[in-house]
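Q: no sequence on hand, only this structure:
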């Protein structure tokens with residue numbers, strides 16, 4: 001952990017860098033410990049690492065995320081295992097790599113999604129006696145056995161998949177238009193089809209549901225999951241934020257998300273829940289830079305749908321007044337697969353019966369002295385392609401040879417730009433001294449390369465041998 005001044009020094013360095021209680025099938029527990037922490041996860045869609053203070057210095061204001069950071073810790077090297085919607089969300093809620101669950105990429109409407117054999121955070125916390133809700137974009141299955149109500153959530157509202165999967169899609173409206181974009185509320189379709197006016201209200205609706213839920217559940221332990229649809233394209237904001245930033249629509253959208261964070265935090269405070277609630281704020285992956293002025297920003301290489309840090313490194317803030325020092329920044333490395341087992345540790349919930357890949361990293365998150373990451377490495381993939389790993393200390397990143405898309409020209413005002421396919425050779429990057437992944441050190445550190453290749457082979461044989 002280090003101070004805000006140290007954080008500024010770190011930002012400057014980057015800027016100058018070279019480029020067994022109850023089983024899951026049992027009824028809810030009847031005896032609840034009063035000190036069980038509530039859990040709130042706010043998970044954005046395609047937000048860039050630098051879209052909010054204190055990670056970046058955007059031209060619009062984000063006072064509520066900044067305040068959250070002042071009250072908690074900002075994690076500058078937090079990763080997701082795949083920089084695509086469904087895969088990233090499945091990893092967060094199950095603690096499993098995409099290679100284990102076989103949830104790759106972004107699932108289309110009516111897809112089965114996450115196999116019910118893999119328990120979700122909603123299920124493990126519900127078994128512990130928590131009230132569990134999800135308000136926002138689900139994208140983990142659009143069939144009766146894979147929607148939120150079947151996966152451990154007492155209440156839900158929002159979209160079953162990405163908000164661009166509709167008849168107004170800029171690239172392929174005929175294909176996506178064969179499924180109406182629907183808004184669900186507690187297992188029932190309440191808007192069919194969703195219109196542009198409806199899209200402008202998504203952030204507000206999710207927020208209103210979240211605040212109402214907090215107000216109704218101040219005497220019960222709860223898990224509140226808010227996976228916002230924004231700022232995934234097409235981007236929309238409500239009338240109260242249109243033009244408010246003076247910096248364009250994307251900035252307006254981000255200011256509304258910031259407002260949403262503020263509303264949720266205020267509800268926790270007003271209900272006396274602030275000190276006993278773990279709040280996690282992050283994004284499923286990096287920005288979709290093909291959309292130009294309708295996309296976020298990252299200082300790192302490439303973006304969404306790649307295994308470079310522009311895709312898999314997300315800004316993350318965690319607040320828990322009982323154990324996390326306020327106004328701190330951490331370079332400790334962990335991954336979204338670690339969230340579920342860490343939450344289980346904090347809440348006393350049983351780990352899923354199925355095998356998971358994440359580990360409890362609370363000592364790292366809380367900044368306890370001499371804490372060590374229990375992993376050897378973290379793995380990255382794009383769709384069903386296993387593409388590389390990073391050492392658990394965040395120092396060394398190995399890219400296996402693989403193709404990737406790189407931006408040629410950005411689009412504008414909701415229209416995508418163009419990409420070209422490139423190929424990266426076997427590459428080793430020193431992420432502490434070269435966070436932009438520019439200098440291949442594959443010949444300079446043969447022992448490190450050999451060790452990382454051994455880890456990569458283990459991971460590939462375990463999860464990808466049959467693909």
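A: Nice, thanks for sending it over. Predicted, not measured: the structure shown is a model, and the values here were computed from it.
Q: how is the protein carved up into domains?
A: Structurally, the chain divides into domains by automatic domain parsing as follows: 37-372, 382-463.
Q: distance between the last one and the chain's centre?
A: Centroid displacement of domain 382-463 relative to its chain, using C-alpha atoms, centre = their mean, to the nearest Å, is 20 Å.
Q: what's the first-to-last distance across that domain?
A: 14 Å (C-alpha to C-alpha, to the nearest Å).
Q: what's the most buried one of the domains of the chain?
A: Ranked by average neighbour count under the criterion mean count of other C-beta atoms under 10 Å, the domains of the chain are headed by domain 37-372 at a mean of 21. C-beta: built from backbone N, CA, C; applies to glycine.
Q: coming back round to it: is it possible to get CSV of the domains of the chain that adds mean pLDDT?
A: Compiled in CSV, the domains of the chain are given as follows (pLDDT from 0 to 100):
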stretch, mean pLDDT
domain 37-372, 98
domain 382-463, 98
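Q: isn't residue 103 right next to residue 90, touching?
A: Yes. Residue 103 is within contact range of residue 90, at 3.9 Å (criterion: C-beta atoms under 8 Å).
Q: and for these two, which residues touch both?
A: Listed contacts common to residue 103 and residue 90 are 113-114, 140; contacts here mean C-beta atoms under 8 Å, 6 or more residues apart in numbering.
Q: out of those residues, the closest to residue 242 would be?
A: When the shared contacts of residue 103 and residue 90 are compared for distance to residue 242, the smallest value, 31.2 Å, is given by residue 140; criterion: C-beta to C-beta.
Q: ok, now which ones touch that closest one?
A: 86, 89-90, 93, 103, 107, 113-114, 120, 146, 151.
Q: cool, and residue 119?
A: With C-beta under 8 Å, 6+ apart as the criterion, the residues that contact residue 119 are 24, 94, 152, 352-354.
Q: let's see that with 7 Å instead.
A: Under the criterion of C-beta atoms under 7 Å, 6 or more residues apart in numbering, the contact partners of residue 119 comprise 24, 94, 352-354.
Q: and residue 153, by the same measure?
A: Applying C-beta under 7 Å, 6+ apart to residue 153 gives the contacts 122, 132-134.
Q: switch to 10 Å and redo it
A: With contacts taken as C-beta atoms under 10 Å, 6 or more residues apart in numbering, residue 153 has the following neighbours: 120-123, 125-126, 131-135, 138, 147, 186-187, 223, 225.
Q: go on, residue 148?
A: 120, 122, 132-135, 138, 140-141, 154-158, 160, 184, 186-187, 225.
Q: now residue 374
A: The neighbours of residue 374, taking C-beta under 10 Å, 6+ apart as the test, are 334, 338, 341, 358-361, 363-364, 392.
Q: at 8 Å instead, please
A: Taking C-beta under 8 Å, 6+ apart, one finds 359-361, 392 in contact with residue 374.
Q: before we move on, back to that, from the contacts of residue 140, which two are the most distant?
A: 107 and 120 (15.3 Å).
Q: ok, and the closest non-adjacent residue to residue 232?
A: With C-beta to C-beta, 6 or more residues apart in numbering as the criterion, residue 232 has its nearest non-adjacent residue at 3.9 Å, and that residue is residue 45.
Q: next, residue 99: phi, psi?
A: Summarising the backbone geometry of residue 99 under the convention degrees, to the nearest 10, its torsions are phi -60, psi -30.
Q: repeat that for residue 366.
A: phi -80, psi -10.
Q: now it: how far from residue 181?
A: In this structure, residue 366 and residue 181 are separated by 41 Å, where distance is defined by C-beta to C-beta, to the nearest Å.
Q: same question, residue 386
A: With distances taken as C-beta to C-beta, residue 386 is found 32 Å from residue 181.
Q: so where do the helices sit in the stretch 201-350 of the chain?
A: Counting by DSSP state H, counting those that start in this stretch, the stretch 201-350 of the chain has helices at residues 202-216, 249-270, 309-312, 339-347.
Q: got it, and the stretch 51-200 of the chain?
A: With DSSP H, counting those that start in this stretch, the ranges of helices along the stretch 51-200 of the chain come out as 63-71, 85-94, 98-101, 121-127, 173-176, 196-199.
Q: which one of these lies nearest to residue 229?
A: Among the helices of the stretch 51-200 of the chain, helix 196-199 comes nearest to residue 229, with 7.8 Å by C-beta to C-beta.
Q: residues in contact with that closest one?
A: Taking C-beta under 8 Å, 6+ apart as the criterion, the residues outside helix 196-199 that touch it are 163, 168, 183, 191, 229, 234, 236.
Q: verify the stated contact: the second one with residue 234.
A: Yes. Contact status for residue 168 versus residue 234: in contact at 6.9 Å, counting by C-beta under 8 Å.
Q: what pairs with the host helix or strand of residue 43, parallel or antiparallel?
A: Assigned by DSSP states H and E, residue 43 belongs to strand 38-44. Strands that pair with strand 38-44, judged by DSSP bridges, come out as strand 222-227 (parallel), strand 277-283 (parallel).
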